[in-house]
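Undergrad: fold the following, please.
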Amino acid sequence: MSKPARGGKPWPARGGKPWDLKLQTFRPVLPIATYEVSLSGRLVSSVEVKATGDVLHEIFAYKPHHLASGFPDIIQNVVLVEGSWGTAGSVVFGSYTLDGRKQVIKSIIDAVDSSKKSITYKLIEGDLLQLYRTVSITIRVDTHDGNNSVTWIMDYVKQSPNVPDPNSLMDMFYTLTKGIDSHHAN
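TA: As a prediction, the model looks like this:
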């Protein structure tokens, strides 16, 4: 039996009419603000140089230990720990100064492509790994229309969102490249 509604008309019986009222629990859908902070990054810097691409690739791949004698303010030493210069799988240790602080680095030569004048170092130990989970540095010498450039590519993953991008390291690479170029361009 239906109870009378306003105006003396009974409420319709449950179930048949589209205007039937049903008690429903109201569950508001609240948008949850989510965001994703990317911890991975890539920095790329190209430097035009006058020196030949072969000379520059040879220094970065086969003679990085010469950087210590040419730039003692920046690079204190570079030592081959295992393997041979310019060979994938070889381990290199170095000490350098970055932002006024002496730091150390141990890396493995991940890849070498002499035809493309490219070498990739992957960090395995050192001060940078306190800030970054992984760091990979590729140095590539490009020649286009008789002009040479050195491209530094740094792929990294930060330990936390508060860690800054390694811009000062890229600045150091730029300084090294320009210094090598001025020495070998003559």
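Undergrad: could I get the full set of helices for this structure?
TA: 53-62, 67-70, 167-184 (DSSP state H).
Undergrad: of these, flag the one that's most buried.
TA: Looking across the helices of the chain with neighbours counted as mean count of other CB atoms under 10 Å, the highest average goes to helix 53-62: a mean of 19. Heads up, the C-betas are built off the backbone N, CA and C, glycines and all.
Undergrad: who are the packing partners of that helix?
TA: Counting contacts by 3 or more CB pairs under 8 Å, 6 or more residues apart in numbering; DSSP states H and E, helix 53-62 is packed against strand 118-126, strand 132-144, strand 147-158, helix 167-184.
Undergrad: make it 6 Å
TA: Packing partners of helix 53-62 (3 or more CB pairs under 6 Å, 6 or more residues apart in numbering; DSSP states H and E): strand 132-144.
Undergrad: quick one: the strand it packs on to helix 167-184, angle?
TA: 30 degrees (axes from the mean of the first three to the mean of the last three CA atoms, to 10 degrees).
Undergrad: closest one to I109 among the helices of the chain?
TA: When the helices of the chain are ranked by proximity to I109, the top entry is helix 53-62, at 8.1 Å, counting by CB to CB.
Undergrad: make JSON lines out of the helices of the chain and add distance to Y132 and mean pLDDT.
TA: What follows is these, written out as JSON lines (distance: least, CB to CB, whole Å; pLDDT from 0 to 100):
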{"stretch": "helix 53-62", "distance to Y132": "21", "mean pLDDT": "91"}
{"stretch": "helix 67-70", "distance to Y132": "22", "mean pLDDT": "92"}
{"stretch": "helix 167-184", "distance to Y132": "10", "mean pLDDT": "93"}
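Undergrad: can I get the ones you listed in a markdown table with distance to D145?
TA: Shown next, in a markdown table, are these (distance: least, CB to CB, whole Å):
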| stretch | distance to D145 |
| --- | --- |
| helix 53-62 | 13 |
| helix 67-70 | 29 |
| helix 167-184 | 18 |
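Undergrad: select, out of those, the one closest to I137.
TA: Per CB to CB, nearest to I137 of those: helix 167-184, 8.1 Å.
Undergrad: indicate which one of the helices of the chain is closest to T143.
TA: helix 53-62 (4.9 Å).
Undergrad: run through the chain and note the low-pLDDT ranges.
TA: Within the chain, the ranges that satisfy pLDDT under 70 run 1-37, 186.
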